[in-house]
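> show me how the following folds:
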Amino acid sequence: MQTILKIVTISFILLASCSEDVKPTPLEYNKIFSGKTKKTWKVASLKWKGDGKDDISYNLGSCDKDNLYTFYANAENLYEVSNGATKCSSDEADTLVSDTWSFVNATSTLTIIFPLLSDSSLPFFVRRITSKELTIEIYIDQDNKYSYQITLESVSEE
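Next up is the predicted model:
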């Protein structure tokens, strides 16, 4: 009986010492926004949504539609919005916004300046994100009935 117990104990010790540590690799949403070093997006659509009524899609002018939204994967989380090929006015700067971005996974909140809506940072809910498409939404009333929903598409990644 003692021999069997010794064999079982030695087998258990050997098996336990051979096991690998399991290290889960959680999905890093920051990398989806910013790529390895930076990732650039442009607006695919902008909608106003209201209380179950018909959505209103905005037709952006060429000077707004080609703007580039770049998320950097640096320690500062730099975020820039720059003019595309078409500027809204000839004296407009190449860089429209230079700020930081943040993402809170627990609330799916992406905080950025979105110049079509505001000159200040706003908390957007991330509704959908893939490596190619990002849909964010911000409510404009206390009852969460009215919102702007923006879909961006990836144009480059480094």
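> now do the helices in the chain.
According to DSSP state H, the chain carries its helices in the segments 2-18, 29-34, 62-65.
> what residue lies at the spatial centre of the protein?
The central residue of the chain, meaning the one whose C-alpha is nearest the mean C-alpha position (C-alpha atoms, centre = their mean), is residue 33 at 4.1 Å.
> nearest spatial neighbour of that residue, chain-adjacent residues omitted?
Closest residue to residue 33 in three dimensions, ignoring its sequence neighbours and counting by C-beta to C-beta, 6 or more residues apart in numbering: residue 71, at 4.6 Å. C-beta coordinates here come from the backbone N, C-alpha and C atoms, glycine included.
> the one you found pairs with what?
Applying DSSP bridges to residue 71 gives these bridge partners: residue 39, residue 79.
> if I look at it, how far off is residue 129?
Noted for residue 71: a distance of 12 Å to residue 129, by C-beta to C-beta, to the nearest Å.
> what of residue 102?
The separation that residue 102 has from residue 129, given C-beta to C-beta, amounts to 15 Å.
> those two: which is more packed in?
In this comparison of residue 102 against residue 129, neighbours counted by other C-beta atoms under 10 Å, the higher total goes to residue 129 at 17 against 13.
> is it correct that the more buried one is in contact with residue 31?
No: checked against C-beta atoms under 8 Å, the pair residue 129 and residue 31 is beyond contact range at 10.9 Å.
> these two touch, right, residue 96 and residue 82?
Yes: under the contact definition of C-beta under 8 Å, residue 96 touches residue 82, with a separation of 6.4 Å.
> what do these two both touch?
Residues touching both residue 96 and residue 82 (C-beta atoms under 8 Å, 6 or more residues apart in numbering): residue 67.
> what's the closest non-adjacent residue to residue 145?
Nearest residue to residue 145 in three dimensions, chain neighbours excluded: residue 51, at 4.3 Å (C-beta to C-beta, 6+ apart).
> which pLDDT does the model give the one you found?
In the prediction, the pLDDT value recorded for residue 51 is 79.
> neighbours of it, how many?
Using other C-beta under 10 Å, the number of residues around residue 51 comes to 10.
> dump the residue contacts of residue 31.
Residue 31 is in contact with residue 73, counting by C-beta under 8 Å, 6+ apart.
> to clarify, my last question referred to residue 145.
Counting by C-beta under 8 Å, 6+ apart, residue 145 makes contact with 50-51, 139.
> could you report the pLDDT at it?
Per-residue confidence at residue 145 stands at 90 (pLDDT).
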